[in-house]
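Asker: kindly generate the corresponding structure for this input.
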Amino acid sequence: MAKFSDIIKSAMDTRPILVVEDNPDDEILMLRALKKNKIANPIVVARDGVEALDYLFGRGQYEGRNPSETPALVLLDLKLPKVDGFQVLKEMRADRRLKYIPVVILTSSNQDRDIIEGYDLGANSYVRKPVDFEEFVDATGKLGLYWLLVNKMPPETD
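Answerer: Modelled structure (predicted):
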């Protein structure tokens with residue numbers, strides 16, 4: 001009889017998770033939280049909006065990467081250098097390959113205008129980063145399980 005954890009692993013999307021985070025401490029917390037929650041997907045970290053867009057579109061340092069190989073999930077901070085998270089989201093939603101990828105805004109901002117703009121631009125979820133590590137781990141685990149296992153994505157189209 002298969003173990004529950006084996007069933008979950010086989011059902012999970014194995015494409016990478018794109019973490020867009022400029023704060024090194026938050027990046028470390030995110031990576032630890034994903035590992036602690038046994039999220040086995042490869043993790044790609046972009047430390048600013050330009051790097052995130054380069055990864056998604058296969059340009060710059062990611063030239064040669066096949067851009068049709070899209071991430072399973074994007075965890076997106078808003079306050080980023082060079083290009084902010086809103087612009088990253090806007091460009092993702094304008095591209096037919098990227099427009100249905102789940103994007104979770106994971107930010108310290110609790111401003112109503114940021115929440116509204118995030119949803120207006122097509123975010124799937126808006127989560128304020130918990131300050132407490134255990135709460136952060138718990139929230140990250142729930143996000144990973146929901147978006148990678150429970151959520152049903154539309155089929156890919158050409």
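Asker: can you pull the pLDDT of the spatially most central residue of the chain?
Answerer: Closest residue to the average C-alpha location of the chain: Val74 at 1.8 Å, with Cα atoms, centre = their mean. Val74 carries a pLDDT value of 96.
Asker: and what about it, helix, strand or coil?
Answerer: Applying DSSP: H, G, I helix; E, B strand; the rest coil to Val74 yields a three-state assignment of strand.
Asker: who's it bridged to?
Answerer: For Val74, the residues forming beta bridges with it (DSSP bridges) are Leu18, Val103.
Asker: show me the shaky parts of the chain.
Answerer: Scanning the chain for pLDDT under 70 picks out 1-13, 156-158.
Asker: follow-up on the earlier one: was I right to think the residue nearest to the centre of the chain contacts Val103?
Answerer: Yes. At 4.6 Å, Val74 counts as touching Val103 under the criterion of Cβ atoms under 8 Å. C-betas here are computed from N, CA, C, even on glycine.
Asker: what sits in contact with each of those two?
Answerer: In terms of Cβ atoms under 8 Å, 6 or more residues apart in numbering, Val74 and Val103 are both contacted by the residues Met92.
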